[in-house]
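Undergrad: here is the input, now give the coordinates:
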Amino acid sequence: MAALIPTPHNAAGEGEIAKTVLMPGDPLRAKYIADHYLSDVVCFNEVRGMLGFTGTYLGKRVSVMGGGMGMPSIGIYSYELYHFYGVDNIIRIGSAGGFSDGVKVRDVVVGLSASTNSNYAAQYKLPGTIAPTADFSLVELAVAAARKQNIPVKVGNILSSDTFYSADNTANDAWKAMGVLCVEMEAAALYLNAAYAAKKALCLLTISDHLYTGEALTAQERQNTFSDMMEVALEVATEL
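TA: Next comes the predicted model:
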């Protein structure tokens, strides 16, 4: 069923959001991208502090909007963007905690697939277990953009977790043993929403801390210094 816009969570009117949206979790990171990378910027949303902006990057119209923390939050915002605002592509740009010995702080990770401990997919009543997966054309564009900019990336399976503070102190070891690169909290819901809407999604992550080495960035560094990931995402947006 079609919905009227603006929605309860997004004040944008029809046509105010571009076909491609970059979606950090932190709305202040959305503002940072708009301020530092986009031209002719217009703010389309301030509802609940979830800032959204549309501007141009190298002549391409691009939007950037916060998605919040956790799968219920990005589930709402991405669903509305896909179904009510005509968005075709959402590129999540977020932070993650490293599992793998092969990743380190500030590394960029392309989430090819998103394992999860969430029950988000239960709503689809599938006769089995679906694997939430990025759109491969966006994966290819991201890897090509990173190579063009001499930015090394890791591509593989990530974990989208419903819990930040877990009572299960064995869980990380189990995911790491299965080759999962890192943990974040949103990609699986985004990938499932994209599949349900027959749209495209990609998750790019910067390792902000490593759960085994103890390395970590400050909150301010997380907000303002993920330039490699942001520039890869913007390069992808120019190709869409």
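Undergrad: after the worst-scoring helix or strand of the chain on mean pLDDT, which helix or strand is next?
TA: Lowest by mean pLDDT, DSSP states H and E among the helices and strands of the chain is helix 219-224, with a mean of 68. Downstream of helix 219-224, the next assigned helix or strand under DSSP states H and E is helix 227-238.
Undergrad: residues of that following helix that come out buried?
TA: Asp228, Met229, Met230, Glu231, Val232, Ala233, Leu234, Glu235, Val236, Ala237 (16 or more other C-beta atoms under 10 Å). The C-beta positions use only the backbone N, C-alpha and C, and glycine is treated the same way.
Undergrad: what's that helix packed up against?
TA: strand 20-23, helix 27-37, strand 52-57, strand 60-65, strand 89-98, strand 108-116, helix 136-148, strand 200-210 (3 or more C-beta pairs under 8 Å, 6 or more residues apart in numbering; DSSP states H and E).
Undergrad: packing partners of the first one?
TA: This means strand 20-23. Using 3+ C-beta pairs under 8 Å, 6+ apart: strand 20-23 touches helix 27-37, strand 60-65, helix 71-84, strand 89-98, helix 227-238.
Undergrad: pairing partners for the shortest one, with directions?
TA: Yep, that's strand 60-65 we're talking about. strand 20-23 (parallel), strand 52-57 (antiparallel) (DSSP bridges).
Undergrad: okay, the residue nearest the centre of the chain: pLDDT?
TA: For the chain, the residue nearest the mean C-alpha position is Arg92 (1.7 Å; C-alpha atoms, centre = their mean). Arg92 is assigned 98 on the pLDDT scale.
Undergrad: what about it, distance to Met178?
TA: Counting by C-beta to C-beta, to the nearest Å, the gap from Arg92 to Met178 is 22 Å.
Undergrad: adding distance to Ile5, mean pLDDT and mean neighbour count, write the strands paired with strand 60-65 out as CSV.
TA: Output for the strands paired with strand 60-65, formatted as CSV (distance: least, C-beta to C-beta, whole Å; pLDDT from 0 to 100; neighbours: other C-beta atoms under 10 Å):
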stretch, distance to Ile5, mean pLDDT, mean neighbour count
strand 20-23, 15, 98, 27
strand 52-57, 13, 98, 22
